[in-house]
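[1] predicted structure and sequence below. I'll ask about it afterward.
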Amino acid sequence: MSSNSKHTATVSLGVMAVGFAGTLFLDGSQTWVRFAQSGFEAGLVGGLADWFAVTALFRHPLGIPIPHTALLPKNRDKVSKAFISTIQDDLLSKKSIMDKLSQVPLVMRLLKGAEEQLGTDGAKAGIASLCEYIILQIPLDKLAQLGEREVEKLLQTLDMRSMLNNVLEHAYARKYDERVFDFVLDLAEQLVMKEEIRDRMGLMAVQALSQLKTNGFMQFAMNAFVGYFNEDKLGSLIQQFILSGIEGLRMKENPNRKAVLNALRFWLDNPANKDGISSELDNWKEQLLSQWNLNEKLLELLQRLQEKALAWVRDESFADAYAIPFVSGIISKMEADTEMMNKLELTLREQIAKWIESNHHKIGALIQENIDRFDDETLISLMEDKVGKDLQWIRVNGAICGFLIGIVLAGVKWAIG
């Protein structure tokens, strides 16, 4: 309560009391004395009456338990319930809250507020910390186990015979078999052209011819041939023969080339051979599943990816270069999508309405809880502090009005007398 207003009320009452007492010692036959005495008397009565009324609201006047005084402490529960009911059911009713919220575009306000905060240093640090926290919370071991199970399921469902057919069909269509054949020819040519290979072929030919046993003229001719063609000559001769054959096999229309490729395709297309290849692939697949520790490999891969992701989000440029543009882009798309904004607004209002419906009664409970924290004296002091100033002016007005009414009544008496 304002000490100035209380002091003013006390002074006004004191003035009336002093004025009334002072007029008692003056000559009552004089008209102005009678008027002043009547005014001060009425002002004193009015001031005392209003002091009694104001005081009776909060406590017993002069500590005397006069009936119908100390009204607020005696009726604390009624006053509290009325106060709570007024706030909960009238001032902050469910309808009033929803009506007020309906005037505000909640989703748009939230998006605008978020967008305005994106450029601040706090938001940048918060985004980086949030991303780092999310990355660290990823259960790598569980992901590795899940990946291992899924890969095993995938390998188990693979039909190696069907896959082989698809591979062969694709290889024939792209002529991969011819490319492989040409690669083998190139490799053979490189080997045959080496001097050590040529010499080895010459030596092998001489040894084979020398071990060849014939009779008569044929033996004589063979010995003459061996004597004429030494290792170098035989090696060069065989080398040229093989290179000539390789060159012929490179020609697309060469019948020998076609025969080799057709034989290769025939062998690959043979059902028995396909079964054998498919069986070997199935065995390889089973060995892969049993011998390769896929869980450990996947965990190592995920750990490396996690380390790279952490280094990325911890970089000073992460927020400005990646995170903020990404979030801003999402917000801009959301704001431009009227249908989605309407759906979000409707959903948010429905959730708020449900929350208000289920928690509105807590307003009264909260107010009651705060009121119950104070004893009577503290609560009265708080009320006097908030409304005491106006109540004390009632006392001032009572004294002044009483004074004026007293003068009027004195005038009436004088006129009649």
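    In hand now; what should we look at?

[2] low pLDDT regions in the stretch 301-417 of the chain?
    Residues of the stretch 301-417 of the chain meeting the criterion pLDDT under 70: 360-361, 363, 371-399, 417.

[3] switch the cut-off to 90
    313-417 (pLDDT under 90).

[4] give me the phi and psi for Lys194.
    phi -70, psi 140 (degrees, to the nearest 10).

[5] could you look up the SS state of Asp27?
    Asp27 falls in the coil class when you classify it by DSSP: H, G, I helix; E, B strand; the rest coil.

[6] surely it meets Arg34?
    No. Between Asp27 and Arg34 there is no contact under Cβ atoms under 8 Å: 9.8 Å. For every residue, glycine as well, the C-beta is placed using N, CA and C.

[7] looking at these two, which one has more neighbours?
    Arg34 (20 against 8; other Cβ atoms under 10 Å).

[8] give me the nearest residue to the more buried one, chain neighbours excluded.
    Ala410 (5.7 Å; Cβ to Cβ, 6 or more residues apart in numbering).

[9] buried residues, the strand or helix carrying Glu307. List them.
    Element membership of Glu307, judged by DSSP states H and E, is helix 294-314. For helix 294-314, burial by neighbour count (16 or more other Cβ atoms under 10 Å) applies to Leu294, Asn295, Leu298, Leu299, Leu302, Ala309, Val313.

[10] please name the residues that touch Ile138.
    By Cβ atoms under 8 Å, 6 or more residues apart in numbering, the contact list for Ile138 reads Gln306.

[11] how is the protein carved up into domains?
    Listed domain ranges for the chain are 3-72+376-416, 159-291 (source: automatic domain parsing).

[12] worst mean pLDDT among those?
    Lowest mean pLDDT within the domains of the chain: domain 3-72+376-416, at a mean of 71.

[13] closest to the centroid, which residue in the chain?
    Taking Cα atoms, centre = their mean as the criterion, Leu130 is the residue nearest the geometric centre of the chain, at 8.2 Å.

[14] which strand or helix spans it?
    Assigned by DSSP H and E, Leu130 falls in helix 121-136.

[15] returning to that earlier point: gap between the residue nearest to Arg34 and Glu247?
    Shown here: Ala410 relative to Glu247, a distance of 148 Å by Cβ to Cβ, to the nearest Å.

[16] neighbour-wise, which of those two wins?
    Neighbours were counted for Ala410 and for Glu247 using other Cβ under 10 Å; Ala410 has more, 20 against 12.

[17] surely the more buried one touches Phe40?
    No. Judged on Cβ under 8 Å, Ala410 makes no contact with Phe40 at a distance of 10.4 Å.

[18] contacting residues around Ala42?
    Gly402, Phe403, Ile405, Gly406, Ile407, Leu409.

[19] that should have said Met108, apologies.
    Here Met108 is in contact with Glu335, Met341, Glu345 (Cβ under 8 Å, 6+ apart).

[20] export the residues you listed to TSV and tack on distance to Arg149 and neighbour count?
    Below are these laid out as TSV (distance: Cβ to Cβ, whole Å; neighbours: other Cβ atoms under 10 Å):
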residue	distance to Arg149	neighbour count
Glu335	42	15
Met341	41	16
Glu345	43	14
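
[21] packing partners of the host helix or strand of Leu154?
    Under the criterion of DSSP H and E, Leu154 resides in helix 140-157. For helix 140-157, the packing partners by 3 or more Cβ pairs under 8 Å, 6 or more residues apart in numbering; DSSP states H and E come out as helix 271-291, helix 294-314.

[22] could I get the phi/psi values of Val104?
    When read as degrees, to the nearest 10, the backbone of Val104 gives phi -110, psi 130.

[23] pLDDT value on it, please?
    Value for Val104, per-residue pLDDT: 77.

[24] how many neighbours does Thr347 have?
    What Thr347 shows, counting by other Cβ under 10 Å, is a neighbour count of 11.

[25] tell me the spacing between it and Phe183.
    Distance from Thr347 to Phe183, by Cβ to Cβ: 64 Å.

[26] likewise for Asp337?
    For Asp337, the distance to Phe183 - Cβ to Cβ - is 56 Å.

[27] these two touch, right, Val107 and Met340?
    No. If you go by Cβ under 8 Å, Val107 and Met340 don't touch, sitting 9.4 Å apart.

[28] those two: who's more crowded?
    Neighbours were counted for Val107 and for Met340 using other Cβ under 10 Å; Val107 has more, 20 against 13.

[29] and the pLDDT at that one?
    For Val107, the pLDDT comes out at 82.

[30] in what helix or strand does it lie?
    Take DSSP H and E as the rule and Val107 turns out to sit in helix 106-117.

[31] pull out the buried positions in that helix.
    Val107, Leu111.

[32] run the chain-centre distance for it.
    Helix 106-117 sits 15 Å away from the centroid of its parent chain (Cα atoms, centre = their mean, to the nearest Å).

[33] next one: stretch 11-28
    78 Å.

[34] and what of stretch 344-354?
    Here stretch 344-354 is found 19 Å from its chain centre; the criterion is Cα atoms, centre = their mean.

[35] please name the nearest non-neighbouring residue to Trp267.
    Asn273 is the one closest to Trp267 (Cβ to Cβ, 6+ apart), at 5.7 Å.

[36] who's in contact with Val107?
    Taking Cβ under 8 Å, 6+ apart, one finds Met341, Leu344, Glu345, Leu348 in contact with Val107.

[37] which ones among those residues lie within strands?
    Among the contacts of Val107, no residue falls in strands (DSSP state E).

[38] could these go into a markdown table alongside distance to Leu44?
    Formatted as a markdown table, those follow (distance: Cβ to Cβ, whole Å):
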| residue | distance to Leu44 |
| --- | --- |
| Met341 | 70 |
| Leu344 | 69 |
| Glu345 | 66 |
| Leu348 | 64 |
